[in-house]
Each structure stands twice: as structure tokens, then as C-alpha cells.
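# Compute the structure for the input listed below.
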Amino acid sequence: MPDSNPAVHHDLEDVVNYLIECCIKDADGRLSVDELMDAIGQRTFGPLLLVPSLIAVSPVGAIPGLPLFTSIVIVLVATAILLHHDHVWIPRWLGRRSVDAGKMERGLTKFRPVARFIDHLLMPRLTWLTWGPFFYLIAVVVLLIGLVTPILELVPLGGIPPNAAVVAFSLAIIAKDGLWALIAFAFTIASGAWLVQLAF
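Just a heads-up that it's a prediction; the model follows:
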């Protein structure tokens, strides 16, 4: 099950820079889901989870309606992992959805210093938490996060904690950093507690 793509580096700031380049190069000023998926590579599950969750927690996530589509992509990627598929299927209607490339570029540019800081904290450790059965456990948790995030989005900034958890899970997979998997589980528990409080 491939987990890397020469076009998307394992450095978070490089991923952000790569997405910014995609926005700049876009000819019609709109960046579609299909274009993003093609740029990332549909067999690279770590980056495929990272990019939509990263977009959702960055200032780009404030664009109306965008968090819903990033959640759908996260669900589809997690489902592909659990079904042992070697690529992610994106329905045509979702693939055609697009975002203003200029707004996305500006939002990701603001997020770049945060990405640079996070990169200094990443390193291979506790690697057993990022492969084998734990890899599929992460996929299950990410799937659940993707399903409940649209509900949390009803609360201002409510989608940030669960999407931050997906970012952490993605970084754990990409960098083989089990500590980030533990951080992601902590984010998930906090988000679950928040959801229970909202419900009751």
C-alpha cells in the first residue's frame, strides 16, 4: 500500500508550498477536487488525508461549504484504506467542486509558519503505532471523525479540533511518528467530549 509520492514531500511546509504552487499555476483561478487529487496522487493515503484536513484547519477552512467537502474526502480516503483499495474513488460531482485558487493561496500562505514549526517536532519514533493493525485503527478513527465533523461545524470553529486530529494522524503516518498518533488520539477524545456536551 504506497504511502508516498515524489510530488508531495514528507515535510509539512513542503506540502503547503506545493499546494500554493498548484494554486498559482491554476489557469482559470479555480482549483477543483479532481485537480488536487491528481496532483497529490490517489495512491498516497498519508498525504491524501493530510491535504483536506490541513485545508480545513488553515484560514482556507473559513470559505463557506468547504469544510463539508474536505470531510467527504477524508471519509472516502479512510474507507479506501479499510477496504484495502489501492486508490481512492472520488464521485464525479465531488471531483468537479472547486475553490477560489487565490483565496486558497492566501490562506495557506498564512499557515506556512505553523507548518514550519510543526516540521521541527516530527521524527520517526514509536513507529509501531503507525503501521499494521494500528494503521487500520487510525483509519477507523479518521472515518468517524470525518462523519461527525460536519455536525461540529455547526458550532463556530467547531471543526478545528477534529480536523487537527486528522492532520496529526496524517503526519504520524507520513513521518512514521507514533507520538503524533498519540497526540491525534488525544485530540479525538477531546472532540468526542465536546460532541457529547453539545448533545446533552
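# C-alpha only now, for contacts and for neighbours.
Fine.
# Mind listing residues that contact the helix or strand hosting Ile151?
Taking DSSP states H and E as the definition, Ile151 sits inside helix 133-152. The contact list for helix 133-152 (Cα atoms under 8 Å, 6 or more residues apart in numbering) reads 67-68, 71-72, 74-75, 78-79, 81-82, 128-129, 158-159, 162-163, 166, 169, 173, 188, 195.
# the longest helix in the protein is where?
For the chain, the helix with the greatest residue count under DSSP state H is helix 178-199.
# Please name every helix or strand in contact with that helix.
The contact analysis (3 or more Cα pairs under 8 Å, 6 or more residues apart in numbering; DSSP states H and E) places helix 178-199 against helix 160-175.
# my guess is Pro156 is in a strand, correct?
No. Counting by DSSP: H, G, I helix; E, B strand; the rest coil, Pro156 is not part of a strand but coil.
# can you count the residues close to it?
9 (other Cα atoms under 10 Å).
# For the helix holding Ile151, give the mean pLDDT please.
For helix 133-152, mean pLDDT rounds to 92.
# Put the alpha carbons of it into PDB.
Only the C-alpha atoms of helix 133-152 are listed here, as PDB (Å, rounded to 0.1, in the frame of the first residue of the first chain):
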ATOM      1  CA  PRO A 133      -3.300  -3.000  12.900                       C
ATOM      2  CA  PHE A 134      -2.700   0.500  14.300                       C
ATOM      3  CA  PHE A 135      -2.800   1.900  10.700                       C
ATOM      4  CA  TYR A 136      -6.300   0.500  10.300                       C
ATOM      5  CA  LEU A 137      -7.300   1.700  13.800                       C
ATOM      6  CA  ILE A 138      -6.200   5.100  12.700                       C
ATOM      7  CA  ALA A 139      -8.400   4.700   9.600                       C
ATOM      8  CA  VAL A 140     -11.400   3.800  11.700                       C
ATOM      9  CA  VAL A 141     -11.000   6.800  13.900                       C
ATOM     10  CA  VAL A 142     -10.400   9.100  11.000                       C
ATOM     11  CA  LEU A 143     -13.600   7.700   9.300                       C
ATOM     12  CA  LEU A 144     -15.600   8.500  12.400                       C
ATOM     13  CA  ILE A 145     -14.100  12.000  12.600                       C
ATOM     14  CA  GLY A 146     -15.000  12.600   9.000                       C
ATOM     15  CA  LEU A 147     -18.600  11.600   9.700                       C
ATOM     16  CA  VAL A 148     -19.100  13.800  12.800                       C
ATOM     17  CA  THR A 149     -17.100  16.900  11.700                       C
ATOM     18  CA  PRO A 150     -20.000  18.400   9.700                       C
ATOM     19  CA  ILE A 151     -22.100  18.300  12.900                       C
ATOM     20  CA  LEU A 152     -19.300  20.100  14.900                       C
END
